[in-house]
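Participant: Below: sequence and its predicted model.
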Amino acid sequence: MRVLIAEDDPVSRLSLQASLKKWGYEVTTAIDGNAAWEILQKNDCPRLAILDWEMPGLTGVEVCRRVRSSVGRDYVYIAFLTARVLKEDIIEGFDAGADDFITKPFNPRELEGRLRAADRILDLHAELGAIYNASPVAMILLDRDCRIKNLNPTGARLSGLSAGGSSGAAIGASLRCAHGGPHTLENTPACTCWPCLLQRFVAGTQRTEKITREEVILRPLNHSGSEELCFLVSTERLLVTGEDMVLVVLEDISARKKAERSLADLNRTLESRVEQRSAEVYQLLRQKDGFVRRLGHDLKTPLTPLVALLPTVEKRVQDPKAKKMLRLAIRNVEFMRGLVEKTLQLAELNNTNTKPITERIDLGEEIRNVIATLSYILEAAAARVINQITAPVWVLANPLELREVFHNLITNAIKYSEGGATLRIAATRNGRMVTMSFSDEGIGMTAEDTRRVFEEFYKADPSRHDRSSTGLGLSVCRTIVERHGGRIWAESPGLRLGSTISFSLPSGEPDIDRAGATPEETGPCPTTGTQNNPHNPFKPSND
Amino acid sequence: MNTVILIGASTGGPRALQTVLRGMPPLDASIVLVQHMPEYISGPFRNTLAGLTEMQVVIATDRMGLEPGTVYIAPGGIHLTLEGNTQLRLVQGPKVCFVRPSIDVAMKSLQQKPGSRIIGVILTGMGQDGAEGITHIKKAGGITIAQDEKSSTIYGMPRAAVQTGSVDHVLPLERVQSKLIGLAGVLLKPRSGG
Amino acid sequence: MTKHILVVDDDPSMRETVELLLNEVHPSIRFADGGRQCLEELRAGFRGLILMDVMMPELNGWETIAAIVEEGLDDGNIFCMFTAVQDPEPRMEFLKEYVLDYIRKPFTSEELVAVVDSSLGYLT
């Protein structure tokens, strides 16, 4: 530890010097006030100074005042050496910034104790100063008049402001706009020079007592390149040695911001790529649907002579073998016709632009209607359909499309049952959806079948080339159900153990306030009671 | 109670109307047909329909009063309206929805009246004539019917009507007749001819 | 009185199919391979039922009817359209008064006969 002894009396000086050396101090001496001030002005001056009260040239008090008034320098611990112990002197000394008083002649043990205390304070100062100086966070302390009272090296580096700096204001001097503009806040609200920015931060604290935080884009002075940096700026009002001050702390968050930005850019790029890909896929799907539609329509014209003429020819031909051949041809033409129609239907349903026009439909009633229209097919196949929907269950659906689903599921069940099918149809409401199930006792499905039956042209047995099915019926069902916001699935305990196709549709249960009666009150079979009543609030949609 | 059934039809309509009227017993109602067609077809069209039903079938003339058990055909080339739901008027005017007579014009002349019941029916056809008319009839307390998609030669007009949300019943063509019989009832004492 | 039928279609198989199905009952059936020939037939005095394909090169079915109306040749004729498309073009709606019926391809012999018989009934 270095120490300065300023004492004009050689005896006292030498005696003190000897003691201090003995205690391990490195001693510098000054023989008067001017010499002392000269040494203390240097950057690497001793941090501990023992000043005589009375000296030729500058007095000890004067030297102390000068040290204290130079802002932004390392702290110097100042102890006065005095023979007089006048109360007025002590007060004056402390007012000037003194840390301690030592009376002459000194007691060595007391002096040593006092110097150790000074060491501890200086060590603390050094530690805090090291942190302050090494901090990557810029700290700038200003008074209410915007004079810079203190700033750490980072603050100085970023702002270009420093003691004696030329780009802004010197420490302790009031800030001036670096562009020389008329320096009022009103005139330079947008100026981004550091003096103006600091001015604004200080002005900001006058409106609030709290710490304010904001993110600010700044161009550091003397910063290589024109890159702008982003700072998190905290501004806080503080009382420093009884004086109202403002501490501005600037944390460089550019790297974080940059990372955030590049992440956001990455996300955007990714999103736009996904969008682009989706658009391409949709475009392809549209092209596919367009192609299918064109092909379908193009096939209809050449099918016409076949559909129109073959049955007529078959009726006129007498030869049984020729008749048989024609029937075979007719069956295949009918299959082609069905295929064309189902394909076009699927393309139309897949058209994302058309939303189904829905009505409230009672599933029980609708099933009864479908069974009635299919009665001749059911009889011919010796099939039995058990409608387990006894009370009205309402759904929101397009009647034509719903009927198509029913028709496909019922004819499918007949097709895949050997010797008289039995089909059970049930419906249950679960909250806002209704689940409907068609359970047969037919040939059943493998686990793979249950997953894949709804695929276009999927046939459980690929070796089957039967002309009774287009392989599109269940695809049509799936498309229709999904268009309505529902889901369709298949279950089977295994081959020959029957299967169940279930699907969900949005419930069409009326709101209580909209209707005077609940569906139950219309009775389990509303067909007879309500059909001719136009005022029935539950209008049977397709009665 | 007087009942007016106003049926609007366009493309595919003549065949559809044959299905509706074939074997129709004399209804306790007046049926007014607005079929888009060239004027020169009105006469043969009347004759064809007259051969299918026991109801009287006439071509509407201006100021003709409505009688139950009778079918009135709007002639081509002129708009038809009803005064007080009981008297036919033939009105000159520009085409509405590209046509004259227009179904909308005829339907919108019907009024909500005590002792009077109105029923609007939209059958097959291109375009959307009749959609506004159906909404008007529904608002006037009437009953509204549209042909369903599967049985329609062209679903355009029924679709437009259904999309207004004002249609009470969407029916396959073959069930329109029984529905009308159910709603209007049959004349107990059939009108004597002429 | 003989009722005349004119089939307008660019596809020879279609024309032949309709002929095979109808000519026993309607021996006076005539044919045109497109809109121009159809207009020529009408200018030459044809009056009757016109079965018209929609999709034809040059003049399509709707354009042909528009040309017929333009020339004032529509009077006394009844039009039915053959079409493979589900819905007619909405922009042709202004011609709908002239088209009494629609026949969807592929049609059966029964469907064709029903439309023809019904439409012929409206000819005087």
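Facilitator: That came through, no problem. This is a predicted model, so every value here is computed, not measured. Numbers count the residues shown, from 1 in each chain, chains lettered A, B, ... in the order given.
Participant: Let me see the contact set for B:P101.
Facilitator: Residues counted as contacts of B:P101 (CB atoms under 8 Å, 6 or more residues apart in numbering or on different chains) are B:V34, B:H36, B:A74, B:P75, B:G76, B:I78, B:H79, B:L80. From N, CA and C alone the C-beta is placed, and that goes for glycine too.
Participant: 10 Å - rerun?
Facilitator: By CB atoms under 10 Å, 6 or more residues apart in numbering or on different chains, the residues touching B:P101 are B:8, B:33-37, B:60, B:73-81, B:90-91, B:93, B:95, B:129, C:97.
Participant: Which members of these additionally contact chain A?
Facilitator: When contact is defined as CB under 10 Å from any CB of the partner chain, the contacts of B:P101 do not meet chain A at all.
Participant: Look up the closest residue to the residue positioned nearest the centre of chain C, ignoring the ones flanking it.
Facilitator: The centroid of chain C falls nearest to C:L51 when counting by CA atoms, centre = their mean (1.7 Å). Closest residue in space to C:L51, ignoring its immediate chain neighbours: C:V7 at 4.9 Å, by CB to CB, 6 or more residues apart in numbering or on different chains.
Participant: what pLDDT does that neighbour get?
Facilitator: For C:V7, the pLDDT comes out at 96.
Participant: how far is the helix or strand harbouring it from where the chain is centred?
Facilitator: Using DSSP states H and E, the secondary-structure element containing C:V7 is strand C:5-8. In this view, strand C:5-8 has its centroid 5 Å away from the chain centroid, taken as CA atoms, centre = their mean, to the nearest Å.
Participant: again with stretch A:38-50
Facilitator: Distance of stretch A:38-50 from the chain centroid (CA atoms, centre = their mean) equals 56 Å.
Participant: Tell me how many other residues crowd the closest residue to C:E63 other than its chain neighbours.
Facilitator: Excluding the flanking residues, the one nearest C:E63 by CB to CB, 6+ apart is C:G35, at 6.4 Å. C:G35 has 25 neighbouring residues, counting by other CB atoms under 10 Å in any protein chain shown.
Participant: so C:G35 sits right up against C:I50, yeah?
Facilitator: No - using CB atoms under 10 Å as the test, C:G35 is too far from C:I50 to be in contact (11.1 Å).
Participant: Now do the shared contacts for these two.
Facilitator: Between them, C:G35 and C:I50 share the contacting residues C:V8, C:G61, C:T64, C:I65, C:I68, judged by CB under 10 Å, 6+ apart.
Participant: which SS class is A:L396?
Facilitator: strand (DSSP: H, G, I helix; E, B strand; the rest coil).
Participant: Quick check: beta-bridge partners of it?
Facilitator: A:L396 forms beta bridges with A:R360, as assigned by DSSP bridges.
Participant: Are we agreed that A:I50 is in a helix?
Facilitator: No - counting by three-state DSSP, A:I50 is located in no helix; its state is strand.
Participant: okay, now it: neighbour count?
Facilitator: Counted with other CB under 10 Å, A:I50 comes out at 29.
Participant: for A:E379, same thing?
Facilitator: A:E379, neighbours per other CB under 10 Å, totals 9.
Participant: Span of stretch B:55-62 from start to end?
Facilitator: Its first and final residues considered, stretch B:55-62 spans 20 Å by CA to CA, to the nearest Å.
Participant: Can you point out the buried residues in it?
Facilitator: Buried residues in stretch B:55-62, counted by 16 or more other CB atoms under 10 Å in any protein chain shown: B:M55, B:Q56, B:V57, B:I59, B:A60.
Participant: which one of those residues is nearest A:E275?
Facilitator: Lowest distance from A:E275 to the buried residues of stretch B:55-62 (CB to CB) belongs to B:A60, with 59.4 Å.
Participant: The closest one touches B:L33, doesn't it?
Facilitator: Yes - in this structure B:A60 lies within contact range of B:L33 using CB under 10 Å: 8.8 Å.
Participant: Find residues that contact each of those two.
Facilitator: With CB under 10 Å, 6+ apart as the test, B:A60 and B:L33 both reach B:V71, B:Y72, B:I73, B:A74, B:L80, B:P101, B:A106.
Participant: ok, the helix or strand containing A:V434: who's next to it in the sheet?
Facilitator: Using DSSP H and E, A:V434 sits within strand A:433-440. Here strand A:433-440 has these sheet partners by DSSP bridges: strand A:422-430 (antiparallel), strand A:500-506 (antiparallel).
Participant: Name the residues of it that are buried.
Facilitator: Buried positions in strand A:433-440, judged by neighbour count with 16+ other CB under 10 Å: A:M433, A:V434, A:T435, A:M436, A:S437, A:F438, A:S439, A:D440.
Participant: ok now it, how far from the chain's centre?
Facilitator: Centroid separation between strand A:433-440 and its chain, computed with CA atoms, centre = their mean, is 40 Å.
Participant: Which helix or strand lies directly C-terminal to it?
Facilitator: helix A:447-452.
Participant: List the buried residues for that next one?
Facilitator: By 16+ other CB under 10 Å, the buried positions in helix A:447-452 come out as A:D449, A:T450.
Participant: ok, and what's touching that helix?
Facilitator: Residues from elsewhere that reach helix A:447-452, judged by CB under 10 Å, 6+ apart: A:443-446, A:458-461, A:474, A:489-492, A:494-495, A:499-501.
Participant: host element of the residue sitting nearest the centre point of chain A?
Facilitator: Compute the mean C-alpha point of chain A, and by CA atoms, centre = their mean the closest residue is A:A264, 9.8 Å away. According to DSSP H and E, A:A264 maps onto helix A:254-316.
Participant: I'd like the next helix or strand past that helix.
Facilitator: Scanning forward in sequence from helix A:254-316 by DSSP H and E, the next helix or strand is helix A:320-350.
Participant: quick check: angle from that next one to helix A:254-316?
Facilitator: In terms of direction (axes from the mean of the first three to the mean of the last three CA atoms, to 10 degrees), helix A:320-350 departs from helix A:254-316 by 150 degrees.
Participant: number of nearby residues for A:Q283?
Facilitator: Residues lying near A:Q283 (other CB under 10 Å) number 10.
Participant: The one 10 residues further on now?
Facilitator: Neighbourhood size, A:R293 [other CB under 10 Å]: 17.
Participant: Tell me how many other residues crowd the residue lying closest to it once chain neighbours are set aside.
Facilitator: The shortest distance from A:R293 to any non-neighbouring residue, by CB to CB, 6+ apart, is to A:A347 (5.1 Å). Close neighbours of A:A347, defined as other CB under 10 Å, add up to 19.
Participant: pLDDT weak spots in the chain?
Facilitator: You didn't say which chain, so I picked chain A. Across chain A, the ranges flagged by pLDDT under 70 are A:71-72, A:162-192, A:207-210, A:219-227, A:352-354, A:459-469, A:510-543.
Participant: Correction: the question concerned chain C.
Facilitator: For chain C, residues meeting the criterion pLDDT under 70 lie at C:1, C:86-87.
Participant: again, only using 50
Facilitator: Applying pLDDT under 50 to the predicted model, chain C contains no residue that meets it.
Participant: Please spell out which residues along stretch A:387-404 are buried.
Facilitator: Residues A:387, A:389, A:392-404 are the ones in stretch A:387-404 that count as buried (16+ other CB under 10 Å).
Participant: Also stretch B:24-39?
Facilitator: Across stretch B:24-39, burial judged by 16+ other CB under 10 Å covers B:24, B:26-38.
Participant: Run through the residues of chain B sitting next to chain A.
Facilitator: So chain B meets chain A at B:117, B:119, B:141-144, B:148-150, B:155, B:159, B:162-163, B:165, B:167-172, B:175, B:178-179, B:182-183 (CB under 10 Å from any CB).
Participant: Now with 7 Å, please.
Facilitator: Counting by CB under 7 Å from any CB of the partner chain, the residues of chain B close to chain A are B:I143, B:D148, B:E149, B:K150, B:V162, B:Q163, B:D168, B:H169, B:V170, B:L171, B:G182, B:L183.
Participant: what packs against the helix or strand of chain B with the lowest mean pLDDT?
Facilitator: Across the helices and strands of chain B, mean pLDDT, DSSP states H and E gives its lowest value to strand B:169-171, namely a mean of 89. In terms of contacts (3 or more CB pairs under 7 Å, 6 or more residues apart in numbering or on different chains; DSSP states H and E), strand B:169-171 is packed against strand B:143-147.
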